[in-house]
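Peer 1: Quick one: sequence plus predicted model below, questions after.
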Amino acid sequence: MLRSLAALGAGLAFALTGAAVAYDLIAAARLRGLRGRSAPATSATIPVTVFKPVAGVEAELFENLCSFVDQQYPQFQVIFGVARGSDPAIEVIERVMARFPHADLALTVGNGSANGNPKIANLSTMMERAKYDLFAIADADMRVDPSYLSTIVSAFDDPRVGAVTCLYCGEPTGGFASGLGAMYINEQFAPSVLVANLVEPLTYCFGSTMAVRRAVLDEIGGLEALHAYIGDDYLLGKRVSERGYIVGLAPYVARNIVHEPNLRSLLRHELRWARTIRAQRPSGYASLFVTQPLMCAALLLAATSASQPAWIVLAAAVSARALLAGAASRAFNVPLAPLWALPVRDALSAAVWIGGFFTQEVRWRERTYSVGDDGRVATAASASGDSFISRHPRQQQDDKRDRDVAEPQDQS
C-alpha cells in the first residue's frame with residue numbers, strides 16, 4: 001500500500017514537473033515574440049486625461065512623473081493626486097509642475113479615508129478635475145517614453161474596446177531585494193500574462209495602465225464600483241469585459257521602478273499581490289505551481305529518493321528556467337540575473353504562493369487591511385489614524401479661477 005502511494009506521488013510529481021518545464025518553454029517563446037511587436041502607425045488625437053495617484057515619495061518619483069508629462073501627443077492633461085496635505089510627494093509633484101509650466105497639469109489633495117481602497121478614494125477626488133472623456137490611470141512607480149500615450153490611445157481605434165492596459169517590466173534601483181523583485185515581474189508575472197493570452201481573452205487590467213472611456217466607466221458604476229476592493233485594476237477590466245467590451249493589450253511595455261529596501265519589504269509586497277490574486281482568480285492562483293519548475297523538480301527528487309531519472313528531470317527544469325530568464329532579459333532589455341539567483345527567486349516565489357493560501361491580512365502603505373475571499377477590503381487600520389479632506393493651495397487657486405470663469409462677477 002505504501003509503495004503504491006509512493007509510486008502515485010512520484011508519478012504526480014513527474015507530471016507536475018513536466019508541465020512546469022513545458023510552461024517555461026512556451027513562456028520563453030512568447031517573450032521572444034514580444035520583442036518583435038511594435039506599435040501600429042496611428043494618427044490618434046483623442047484628448048486624454050492622465051491620472052497619477054501618488055502616496056509618499058517612491059524611488060525616482062520625479063523621473064517617473066515627468067515621463068508621463070513628456071509625451072508626444074497633441075492634447076492631454078495630467079492630474080496628480082495625493083490623499084493628505086502632509087504627503088511629502090507634494091513637493092516632488094510641484095517640481096514636476098514647475099519643470100513643465102506650459103503643460104496642462106493639476107494637483108488634487110483630499111479624501112484620506114481609512115475605509116476601502118485608498119487609491120480609488122484618491123482617484124475619486126482627482127476625477128472632479130478631468131476635462132476629457134478618455135482616461136488613463138497609471139501607478140506612481142511606472143515610467144514610460146514619449147510614445148506611451150499615442151500607443152495606448154491607438155488601441156481605442158476599435159469601437160469594441162472599452163478598456164486598454166499594457167505589460168510592464170521590472171527595473172531594479174539596486175540591491176539584492178530589488179533585484180529579486182524585478183526578477184519576479186520579468187520572469188514570472190509578465191510571461192504568465194503572455195501564456196494566459198494563448199488560451200483566454202484578456203479580462204483584466206494592470207496597474208501600469210488602466211485606460212478606459214468615461215462612458216464605459218460610468219456604465220460599470222464608476223469608481224464607486226471599485227472602492228470596496230483591493231484589486232481595482234483586475235476588477236475594472238472584469239467589469240468592462242462583463243459589459244461586452246474588449247479589454248485590449250496595447251503593444252507597449254512600461255517600466256516598473258522596483259525599490260525594495262530589504263527582503264521583509266519585498267515579502268510584504270508579494271504577499272499582498274498573492275492574496276489579491278487568490279481573491280480575484282482562485283482557480284488560476286491554485287494553478288500557479290506550473291510556473292515553478294524548480295519547486296516541482298525538488299518535489300520529484302524527494303518523492304523518488306533522489307533517483308537518477310529525477311536528477312535528469314531537474315537538469316531539464318534548470319535549463320528551461322535559465323532559458324526563460326534569458327528570454328526575459330532580452331525582451332525587456334534588462335540585465336541577466338546570475339544563475340545562482342534563479343533558485344533563490346523561485347524558492348521565495350514558492351513560499352509566497354503557499355503563504356497566499358493562508359493569510360487574510362495585507363500591508364499596504366502604512367495601513368493593514370483584512371481582505372475577504374472576494375477581494376473586498378473588510379477592515380483598515382491606519383498608523384496615523386487621520387481621515388479628512390483638504391485642499392492644496394495651488395488647487396484652491398485653480399478652483400477659484402475655474403469658478404471665476406464659470407461665474408463672472410457682477411460689475412454693476
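Peer 2: Good, I have the coordinates.
Peer 1: At which residues are the strands of the chain located?
Peer 2: Taking DSSP state E, the strands of the chain run over residues 48-53, 76-82, 105-109, 134-137, 142-143, 161-172, 210-213, 246-258, 361-364, 367-371, 377-382.
Peer 1: TSV for the ones you listed, including mean neighbour count, mean pLDDT and distance to Glu91?
Peer 2: Where you see a C-beta, it was placed from the backbone N, CA and C, and this is true even at glycine. Formatted as TSV, the strands of the chain follow (neighbours: other CB atoms under 10 Å; pLDDT from 0 to 100; distance: least, CB to CB, whole Å):
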stretch	mean neighbour count	mean pLDDT	distance to Glu91
strand 48-53	24	97	15
strand 76-82	24	97	11
strand 105-109	24	95	11
strand 134-137	23	97	23
strand 142-143	21	97	20
strand 161-172	25	96	24
strand 210-213	26	96	26
strand 246-258	22	96	19
strand 361-364	17	64	23
strand 367-371	18	68	23
strand 377-382	16	52	22
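Peer 1: of all those strands, which lies closest to Leu271?
Peer 2: For Leu271, the closest of the strands of the chain is strand 361-364, at 6.6 Å, according to CB to CB.
Peer 1: remind me which residues of the stretch 1-150 of the chain are low pLDDT?
Peer 2: The stretch 1-150 of the chain contains residues with pLDDT under 70 at 1-7, 9, 35-43, 111-115.
Peer 1: before we move on, what about the stretch 301-412 of the chain?
Peer 2: Filtered on pLDDT under 70, the stretch 301-412 of the chain yields the residue ranges 360-367, 369-375, 377-412.
Peer 1: Count the neighbours of Arg243 for me.
Peer 2: 11 (other CB atoms under 10 Å).
Peer 1: follow-up on the earlier one: now for the strands of the chain, which one comes closest to Gly237?
Peer 2: strand 246-258 (4.6 Å).
Peer 1: Pairing partners for the closest one, with directions?
Peer 2: In the sheet, strand 246-258 lines up against strand 142-143 (antiparallel), strand 161-172 (parallel) (DSSP bridges).
Peer 1: closest to Ala310 out of these?
Peer 2: For the strands paired with strand 246-258, proximity to Ala310 was assessed by CB to CB; strand 161-172 is nearest, at 32.2 Å.
Peer 1: just how off-centre is that closest one within its chain?
Peer 2: Centroid displacement of strand 161-172 relative to its chain, using CA atoms, centre = their mean, to the nearest Å, is 7 Å.
Peer 1: got the CA positions of it in CSV?
Peer 2: Extracted C-alpha coordinates of strand 161-172, given in CSV (Å, rounded to 0.1, in the frame of the first residue of the first chain):
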residue,chain,number,x,y,z
VAL,A,161,-12.6,48.2,-27.0
GLY,A,162,-13.8,49.6,-23.7
ALA,A,163,-10.5,49.5,-21.7
VAL,A,164,-6.8,49.1,-22.5
THR,A,165,-3.9,48.0,-20.4
CYS,A,166,-0.2,47.2,-21.1
LEU,A,167,2.5,44.9,-19.8
TYR,A,168,5.3,46.2,-17.6
CYS,A,169,8.8,45.0,-16.8
GLY,A,170,10.8,45.5,-13.6
GLU,A,171,13.8,47.8,-13.4
PRO,A,172,15.6,47.5,-10.0
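Peer 1: List the residues that contact Gly175.
Peer 2: Listed by CB atoms under 8 Å, 6 or more residues apart in numbering, the contact set of Gly175 reads Glu260, Pro261.
Peer 1: what do you get if the cut-off is 10 Å, keeping everything else the same?
Peer 2: In this structure, Gly175 makes contact with Gly181, Val258, His259, Glu260, Pro261, Asn262, Leu266, judged by CB atoms under 10 Å, 6 or more residues apart in numbering.
Peer 1: If any of those are buried, put those into a ChimeraX selection.
Peer 2: To isolate the buried members of the contacts of Gly175 in ChimeraX, using 16 or more other CB atoms under 10 Å:
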select :181,258,259,260,266
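Peer 1: need the strands of the chain in TSV with distance to Phe189, can you?
Peer 2: TSV is the format used below for the strands of the chain (distance: least, CB to CB, whole Å):
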stretch	distance to Phe189
strand 48-53	21
strand 76-82	26
strand 105-109	30
strand 134-137	19
strand 142-143	14
strand 161-172	8
strand 210-213	16
strand 246-258	10
strand 361-364	17
strand 367-371	19
strand 377-382	23
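Peer 1: So which of those is nearest Val313?
Peer 2: strand 161-172 (29.2 Å).
Peer 1: list the buried ones in stretch 14-33?
Peer 2: 14, 16-18, 20-21, 23-31.
Peer 1: wait, which of the strands of the chain is closest to Glu60?
Peer 2: strand 246-258 (5.1 Å).
Peer 1: export that closest one as CSV, just CAs?
Peer 2: Below are the C-alpha coordinates for strand 246-258, written out as CSV (Å, rounded to 0.1, in the frame of the first residue of the first chain):
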residue,chain,number,x,y,z
ILE,A,246,-12.9,44.1,-25.2
VAL,A,247,-10.0,44.8,-22.9
GLY,A,248,-7.1,45.5,-25.2
LEU,A,249,-3.5,44.8,-24.5
ALA,A,250,-1.5,47.6,-26.1
PRO,A,251,1.8,46.8,-27.7
TYR,A,252,3.7,48.7,-25.1
VAL,A,253,5.8,47.8,-22.1
ALA,A,254,6.0,50.3,-19.2
ARG,A,255,8.9,50.1,-16.8
ASN,A,256,8.2,49.5,-13.1
ILE,A,257,10.9,51.1,-11.0
VAL,A,258,11.4,48.4,-8.3
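Peer 1: what angle do the biggest helix by length in the chain and strand 246-258 make?
Peer 2: The longest helix of the chain (DSSP state H) is helix 2-35. Comparing the axes of helix 2-35 and strand 246-258 via axes from the mean of the first three to the mean of the last three CA atoms, to 10 degrees yields an angle of 90 degrees.
Peer 1: Against which helices or strands is helix 2-35 packed?
Peer 2: Packed against helix 2-35 by the contact rule (3 or more CB pairs under 10 Å, 6 or more residues apart in numbering; DSSP states H and E) you find helix 190-199, helix 293-303, helix 308-332.
Peer 1: Determine how far it lies from the middle of the whole chain.
Peer 2: 27 Å.
Peer 1: same thing with stretch 218-227?
Peer 2: 19 Å.
Peer 1: same question, stretch 264-277
Peer 2: The answer for stretch 264-277 is 12 Å, by CA atoms, centre = their mean.
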